[in-house]
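Asker: everything below, folded, please.
(2 chains)
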Amino acid sequence: GENVEQHPSTLSVQEGDSAVIKCTYSDSASNYFPWYKQELGKRPQLIIDIRSNVGEKKDQRIAVTLNKTAKHFSLHITETQPEDSAVYFCAAGTGGGNKLTFGTGTQLKVEL
Amino acid sequence: NAGVTQTPKFQVLKTGQSMTLQCAQDMNHNSMYWYRQDPGMGLRLIYYSASEGTTDKGEVPNGYNVSRLNKREFSLRLESAAPSQTSVYFCASSAQGGNQPQHFGDGTRLSIL
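Answerer: Alright, predicted model coming up:
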């Protein structure tokens, strides 16, 4: 089955700096890559997703890049703010039944 | 719209007891999912239902059963709870077709003593 690895497990940045979280996947058939943000005690919420027919997608301060050849994708957050502090999960899916395999999460802390 | 609603929010069980976690969505989604979340292990798929009338095993199905009661509702049952099943359980749903975003409920925090 699919295996998704996510790094780093914790990330601390200063407010205003950029943050980058990286994920690799194993199944070359995967073609859907969402990112979720989870605040403490809350539900995971989708923040951005990318499909395999594009290499990059941007939404305001958030961007995701995909390298299908290398089987890795990354989340970029620019101009970080304290409210960006949360756990971020990447995932990979192969369409069809719409099953997702999640990474183990990155705890992002934005310090003032 | 409430989105995905899970009940109960919290539950404490004794080893060997049984329990059904309830999930309902009001987004007219065809697909529904049950995940468990443990510290340091992300979200792991227990069972999913691609459409009404179908269910399939995910990554960690042992010790669980599911029922897709109708298009709106998807329940998860623990027949004989074990301490290893202490976790936070999330239900999610998505529209039909591949590569559709999954929307999560607020979770059920389950402790088994």
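Asker: flag every residue of chain A that's near chain B.
Answerer: Within chain A, the positions near chain B by Cβ under 8 Å from any Cβ of the partner chain are A:1, A:6, A:9, A:31-32, A:34, A:42-46, A:49, A:51, A:89, A:91, A:93-105. The C-beta positions use only the backbone N, C-alpha and C, and glycine is treated the same way.
Asker: list only those of those residues flagged as buried.
Answerer: Listed as buried from the residues of chain A next to chain B are A:6, A:31-32, A:34, A:43-44, A:49, A:89, A:91, A:93-95, A:97-105; burial here means 16 or more other Cβ atoms under 10 Å in any protein chain shown.
Asker: so which of the residues you listed sit within helices?
Answerer: Among these, no member is found in helices (DSSP state H).
Asker: now do the strands in chain A.
Answerer: A:4-7, A:10-14, A:19-25, A:32-38, A:45-51, A:56-59, A:62-67, A:72-77, A:86-93, A:100-102, A:106-111 (DSSP state E).
Asker: I'd like those strands laid out as TSV, including mean pLDDT.
Answerer: Formatted as TSV, these follow (pLDDT from 0 to 100):
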stretch	mean pLDDT
strand A:4-7	96
strand A:10-14	97
strand A:19-25	98
strand A:32-38	96
strand A:45-51	94
strand A:56-59	94
strand A:62-67	96
strand A:72-77	97
strand A:86-93	96
strand A:100-102	93
strand A:106-111	97
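Asker: so which of those gets nearest residue B:58?
Answerer: With Cβ to Cβ as the criterion, residue B:58 lies closest to strand A:100-102 of those, at 9.5 Å.
Asker: each with direction, which strands does the closest one pair with?
Answerer: strand A:86-93 (antiparallel) (DSSP bridges).
Asker: what's in contact with the strand it pairs with?
Answerer: A:2, A:4, A:6, A:21, A:23, A:25, A:27, A:30-40, A:44, A:47, A:73, A:75, A:99-103, A:105-108, B:42-43, B:98-99 (Cβ atoms under 8 Å, 6 or more residues apart in numbering or on different chains).
Asker: figure out how far that strand is from the centre of its chain.
Answerer: 5 Å (Cα atoms, centre = their mean, to the nearest Å).
Asker: quick one on the thing from earlier: looking at the strands of chain A, which is nearest to residue B:49?
Answerer: Evaluated over these, closeness to residue B:49 peaks at strand A:100-102, with 14.3 Å, by Cβ to Cβ.
Asker: let me see the confidence value for residue 71.
Answerer: Since no chain was named, I'll use chain A. The per-residue pLDDT reported for residue A:71 equals 95.
Asker: chain B, not that one
Answerer: Confidence score, pLDDT, at residue B:71: 95.
Asker: what is the neighbour count of the nearest residue to residue B:9 once chain neighbours are set aside?
Answerer: Nearest residue to residue B:9 in three dimensions, chain neighbours excluded: residue B:108, at 6.3 Å (Cβ to Cβ, 6 or more residues apart in numbering or on different chains). A count of nearby residues for residue B:108, using other Cβ atoms under 10 Å in any protein chain shown, gives 22.
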